[in-house]
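1. Can you look at this prediction? I've put the sequence above it.
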Amino acid sequence: MTTLETIFDKEIENYVLARLRQRDLGVTWGSFPMYSEVDLIGLQGSDVYGFVEIKSRKATMRDLQEKFPEGVLLKRRKYEACSTLEATFNVPAWVLFAFGSGKDDMAACRPHQLPTRLSVSTGRRDRGLLTDEEPVVLIHWGELEVWE
């Protein structure tokens, strides 16, 4: 079986998790098991605060904005998973883009709040896997909120 989430990916997620914990919003962040639809759950006491799917990008946000001025691509199934979680549990479900492998800007959106959009059939082509050829959606830069 091909493992698409590498140890390096988990290291980036752990680094981003540490950055989220430093924001000190009174939220306790915890990880979901590998292969879950999202990466993190946030709790305030015993109440669910929200969910986060971390999508790391190697390039910095500025570099990607220059190279792709329209926005950043997200797999349709991740977009739908966050939207469904938010609708089901009535709490925010963010997609958090962690640029520069988690060391640069972090910017998030809540797919459930975004206008409906069409999918584009594309995806990664650098690994040569058929599973990478799946529908994606375009998240416009203006739809992202930078998280300090």
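-> It's in.

2. For the rest of this, base every contact and every neighbour count on C-alpha atoms.
-> Noted.

3. mind checking how far the residue nearest to Pro111 when sequence neighbours are not counted is from Glu70?
-> In this structure, Pro111 finds its nearest non-sequential neighbour in Ser83, 5.3 Å apart by C-alpha to C-alpha, 6 or more residues apart in numbering. Per C-alpha to C-alpha, to the nearest Å, Ser83 is found 22 Å from Glu70.

4. Same question for Cys82.
-> The gap separating Cys82 from Glu70 is 22 Å, by C-alpha to C-alpha.

5. Which one's more surrounded, Ser83 and Glu70?
-> Per other C-alpha atoms under 10 Å, whichever of Ser83 and Glu70 has more neighbours is Ser83, with 20 against 14.

6. Please, which helix or strand holds that one?
-> helix 76-89 (DSSP states H and E).

7. Likewise for Glu37?
-> In this structure, Glu37 sits in neither a helix nor a strand according to DSSP H and E.

8. Would you enumerate the residues in contact with it?
-> Residues in contact with Glu37 (C-alpha atoms under 8 Å, 6 or more residues apart in numbering) are 53, 78, 81.

9. that older thread, got the CA positions of the helix holding Ser83 in PDB?
-> C-alpha atoms of helix 76-89 as PDB (Å, rounded to 0.1, in the frame of the first residue of the first chain):
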ATOM      1  CA  ARG A  76     -12.700  18.500  -3.500                       C
ATOM      2  CA  ARG A  77     -13.100  15.700  -0.900                       C
ATOM      3  CA  LYS A  78     -11.300  17.800   1.800                       C
ATOM      4  CA  TYR A  79     -13.500  20.800   0.900                       C
ATOM      5  CA  GLU A  80     -16.600  18.700   1.200                       C
ATOM      6  CA  ALA A  81     -15.500  17.000   4.400                       C
ATOM      7  CA  CYS A  82     -15.000  20.300   6.200                       C
ATOM      8  CA  SER A  83     -18.300  21.700   4.900                       C
ATOM      9  CA  THR A  84     -20.100  18.500   6.100                       C
ATOM     10  CA  LEU A  85     -18.500  18.600   9.500                       C
ATOM     11  CA  GLU A  86     -19.500  22.200  10.000                       C
ATOM     12  CA  ALA A  87     -23.100  21.600   8.900                       C
ATOM     13  CA  THR A  88     -23.400  18.400  11.000                       C
ATOM     14  CA  PHE A  89     -21.800  19.700  14.300                       C
END
